[in-house]
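Colleague: What follows is a predicted structure for the sequence shown.
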There are 2 protein chains.
Amino acid sequence: MTLPDRFHPAVSAALSSIDASALRHVFFVACGGSLSIMHPAKFMLDQHGALPSDVYNAAEFVARAPKRLGADSLVILCSMTGTTKETTAAAKYAREKGATTIGLTVEPGSPLGTAVDFPVKFEAPYTTGTPIDARDSNYSIIYQIVMGLVAATGGEDLTQPLIDSLCNLQAAIDRAQDTYAPLWDRYAEHFAKQDVVYTMASGAAYGAAYSFAICVLMEMQWINSQAIHSNEFFHGPFEVLDETRCFVLMKGLDSTRELDERADTFLHRFGKAENILVLDAAKLDLTGIDERFQGNVVPLIFFDTLWRFIYKVAAFREQVMLDGRRYMKKLSDY
Amino acid sequence: MTLPDRFHPAVSAALSSIDASALRHVFFVACGGSLSIMHPAKFMLDQHGALPSDVYNAAEFVARAPKRLGADSLVILCSMTGTTKETTAAAKYAREKGATTIGLTVEPGSPLGTAVDFPVKFEAPYTTGTPIDARDSNYSIIYQIVMGLVAATGGEDLTQPLIDSLCNLQAAIDRAQDTYAPLWDRYAEHFAKQDVVYTMASGAAYGAAYSFAICVLMEMQWINSQAIHSNEFFHGPFEVLDETRCFVLMKGLDSTRELDERADTFLHRFGKAENILVLDAAKLDLTGIDERFQGNVVPLIFFDTLWRFIYKVAAFREQVMLDGRRYMKKLSDY
C-alpha cells in the first residue's frame, strides 16, 4: 500500500513490511501514561476497522498470556524513554510468540527500541523542554499506524485526511491554550487546595482523563484521584458528589459526547460550579482538522492544555512539577 | 454440544441454540457492578479461547458503535434488576445489528430480560436478604457461558471440572469468612475513619476491586476511591502512598499473582501495616475447586467476604448500607 508523503517514515516503513492481510489481532501494550494513548487508539480502530484489538498494561499482558497472541498478531508498544522494564519484557514475550512488534519511544536505541521489530521515534515536550509539533507526538504516530492498518485491511483509506489533520493539530492546540486560559486562572488556586480531584471522560478522551488522574494529579501533585467513565459515574461513583467535591470533566466531540453532557448536567445540578472544571471541545477552533478526526484529536488537546493548568496548580501547592515525586526515578530497587 | 447436567438450564438452552462456529466476536456489556463481572469473564476467555472479545460500559458500547458488531457477534449483558436503561438499550441496539444476545438478570420478565434473545436468571443475596448458593450467582453463570463457548469453538472442554468447582464454591466462601474474619475486626474501625481508601488487584480479580471501589466504598459509604491495577500502581498512583494512606489489596491465585505480590511488598515498605488490608487467596481452603479454576473463583470469594467487612465499617460510620445513597434509587429524573 502507498501511504501519504507526510506519514512518519518509520510508520510507513513498518506498515510496508507487514502483511496486514495476515493479521488477526492487534494488542496495544504499555504502562501508565503510555498506556493512556492506547485507549483512544483502540477507539479509532473500533470505529473504522475490522481487526479486533485489546489494550493491556504490559505486565498484565505477559502474565495473562492471551491465547490469541501468535504469529498473526501485531503488538504495538510505547514507552517514552524506552526503559520501562515491563514494556520491554512484553515486546520480547510477543516476539517469542511469533508476533510482529512496533515500539514507540523517543529513543530508538533504548531497550524497547532495540527489542521490537519496528522502532518508531516520537517527540515529547516534557523531556526536552523544547516545544514540539503535535504531528510528531505519540498520539499522532499511533493514529497513523491505526488508520494505515484500517486502509491495509479493507477499510476506507482515510490516511490523507488524517495526516492533513495531524499537520494542522499544533496550531489548534496553540489556539486552545488561549480558549482555556481563563479557566486556568479561575480554577487553579481552588483546585490546589483539594485533597481529592476526579477526572471524567468517555470515548476517545477517556485515556486523557486516565493519564491526567494517575500521572499528573496522583504522581506529580499527590492529589487523590480516579478517572471515572462518564456513564459509569451514574452507577456508583456519583454518590461522592456533594457541594465540595472537585471534578475535571472532558466533554469530547466524538460519538460519545452525549455521555459527557449527561454527566455535566448532573455535576452542575448537585455540585458547585466553582468545583467543576469543564473542558468543552465544542468551544475549540479546530480549523484544519477533518471533521471525521476532530473527536480523535481532542484528547490530545485536552491533555496538552491541561499541563498549563497543572503548572499553575503546582505553583499554589509549592510542589515543583516532575520533581514532586517520592519514588519514581528516585528509587531503583522496586 | 452436550453440556454437563448441572449447568444452568438457561445457559445450556442458549448455547445449544447458538451456532458457535459462526461467532467472530463476543461483547461483554453492562454498567457498574454488573460491568465488574465482565472483566473476569474476559480474563477467562482470553486464557482459554480463540474468540476475541471486548468489555464495554453499555452506554459507551452503543455510542461507540464498534464496526465489528454484527450478525456474527454474541453480546452478553447483565443487569441485576434488569431495569438498567443503558443495558436494555444496548441489548436492543445489538439485536438491531443482527447480533445474538444473552441477558443475565434476577428478573427474566424485566426490560432487559424481555429485550434479549436468551434471558438467564441468576440469584443475588443482596436483594432478597436470603442466602444463595454461589453456583446460582452472576459470576457462576457467566463462567458457564464462557467455558461453554470455549468448548463449542474448538477449545478444551473443561465444562465438567468447571461446574464441579462451581458447585463446591459456596462451601469455600463460607470457609473464607472464617479465614478473613480476624481481618475485619482488625481493620474496620480504622478504615471507617478514612476519607480515601484505594483498592488494588490484577488479572481475574480486577473486576472485584473495581466493584468494591465504585459500588461499595463510593456509592454506599461515600469514601473516595479508585481501583488501581497492581502494575499500573507503579506508573503514577504509587506516589500517593505515605504512612497514612489506606489500601485494600487483593492477592489472587491466577497467573498475574506476582503483580499483586510486588505491590504488596511496596505497600508494606512505604506504607503502614495498619493501613493495608491484604486479602491473600493463598490462605483460603479451596477444597473442591479444580486448580485450573481457583484463580477465576477467587474474586467472587473476595467480593462476597468483603461485604462482611463493609457492614462492620458502616456500623462505625453510622451509615446504613444500601440506604446510604443520595441519588441512586432516590432520584428518577437523571
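Modeller: Thanks, I have it.
Colleague: Tell me how many other residues surround the residue in the stretch 51-200 of chain A that chain B sits nearest to.
Modeller: Closest approach between the stretch 51-200 of chain A and chain B, counting by Cβ to the nearest Cβ: A:P52, at 3.5 Å. For the C-beta atoms, the positions are set from N, CA and C on the backbone; glycine is no exception. Neighbour count of A:P52, defined by other Cβ atoms under 10 Å in any protein chain shown: 23.
Colleague: quick one: it and B:S255, what's the gap?
Modeller: 22 Å (Cβ to Cβ, to the nearest Å).
Colleague: give me phi/psi at A:S165?
Modeller: For A:S165, the backbone dihedrals are phi -60, psi -40 (criterion: degrees, to the nearest 10).
Colleague: for it, what are its contacts?
Modeller: A:G288, A:I289, A:D290, A:F293, A:V297 (Cβ atoms under 8 Å, 6 or more residues apart in numbering or on different chains).
Colleague: cool, and A:A282?
Modeller: A:A282 touches A:K251, A:L253, counting by Cβ under 8 Å, 6+ apart.
Colleague: For it, give its distance to B:G113.
Modeller: A:A282 is 38 Å from B:G113, by Cβ to Cβ.
Colleague: for A:F238, same thing?
Modeller: 26 Å.
Colleague: Quick one: the strands in chain A, in order.
Modeller: A:25-30, A:53-57, A:73-78, A:100-105, A:118-121, A:197-201, A:227-229, A:246-251, A:276-280 (DSSP state E).
Colleague: quick one, what contacts the residue most central in space within chain A?
Modeller: Taking Cα atoms, centre = their mean, the centroid of chain A lies closest to A:I37, which sits 2.7 Å from it. Contacts of A:I37 were listed using Cβ under 8 Å, 6+ apart, and they are A:A30, A:C78, A:N138, A:Y139, A:I142, A:G207, A:S211.
Colleague: 6 Å instead?
Modeller: Residues in contact with A:I37 (Cβ atoms under 6 Å, 6 or more residues apart in numbering or on different chains) are A:N138, A:Y139, A:I142, A:G207.
Colleague: Can you name the residue of the stretch 1-150 of chain A nearest chain B?
Modeller: Closest point on the stretch 1-150 of chain A to chain B, by Cβ to the nearest Cβ, is A:G32, at 2.6 Å.
Colleague: For the closest residue to that residue other than its chain neighbours, grab the count of nearby residues.
Modeller: Setting aside the residues directly before and after it, A:G32 is nearest to B:H235 in space (Cβ to Cβ, 6 or more residues apart in numbering or on different chains), at 2.6 Å. Residues within reach of B:H235, counting by other Cβ under 10 Å, total 25.
Colleague: Can you verify my assumption that B:H235 contacts A:G33?
Modeller: No. At 7.1 Å, B:H235 does not count as touching A:G33 under the criterion of Cβ atoms under 6 Å.
Colleague: still on that earlier bit, mind putting the strands of chain A into CSV with mean neighbour count, mean pLDDT and distance to B:K330?
Modeller: Formatted as CSV, the strands of chain A follow (neighbours: other Cβ atoms under 10 Å in any protein chain shown; pLDDT from 0 to 100; distance: least, Cβ to Cβ, whole Å):
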stretch, mean neighbour count, mean pLDDT, distance to B:K330
strand A:25-30, 26, 98, 40
strand A:53-57, 24, 98, 35
strand A:73-78, 26, 98, 44
strand A:100-105, 26, 98, 47
strand A:118-121, 22, 98, 51
strand A:197-201, 27, 98, 21
strand A:227-229, 26, 98, 20
strand A:246-251, 24, 98, 21
strand A:276-280, 22, 98, 21
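Colleague: coming back round to it: next one, pLDDT for the residue nearest to the residue of the stretch 51-200 of chain A closest to chain B when sequence neighbours are not counted please.
Modeller: Distances taken as Cβ to Cβ, 6+ apart place B:P52 nearest to A:P52, at 3.5 Å, with adjacent residues excluded. Confidence at B:P52, expressed as pLDDT, is 98.
Colleague: For chain A, what lies in contact range of chain B?
Modeller: A:31-32, A:46, A:52, A:57, A:59-60, A:63-64, A:66, A:196, A:202, A:214-215, A:218-219, A:222, A:224, A:226, A:229, A:231-232, A:235-240, A:255-256, A:259, A:266, A:325-327, A:334 (Cβ under 6 Å from any Cβ of the partner chain).
Colleague: Distance-wise, check the residue of the stretch 101-250 of chain A found nearest chain B relative to B:G33.
Modeller: Closest residue of the stretch 101-250 of chain A to chain B, Cβ to the nearest Cβ: A:H235 (2.6 Å). Separation of A:H235 from B:G33 (Cβ to Cβ): 7 Å.
Colleague: ok, now A:D46?
Modeller: Distance from A:D46 to B:G33, by Cβ to Cβ: 24 Å.
Colleague: more neighbours, these two?
Modeller: B:G33 (24 against 21).
Colleague: who's in contact with the more buried one?
Modeller: Going by Cβ under 6 Å, 6+ apart, B:G33 touches B:S211, B:C215.
Colleague: how about a cut-off of 8 Å?
Modeller: Contacts of B:G33 were listed using Cβ under 8 Å, 6+ apart, and they are A:H235, A:G236, B:M80, B:S211, B:I214, B:C215.
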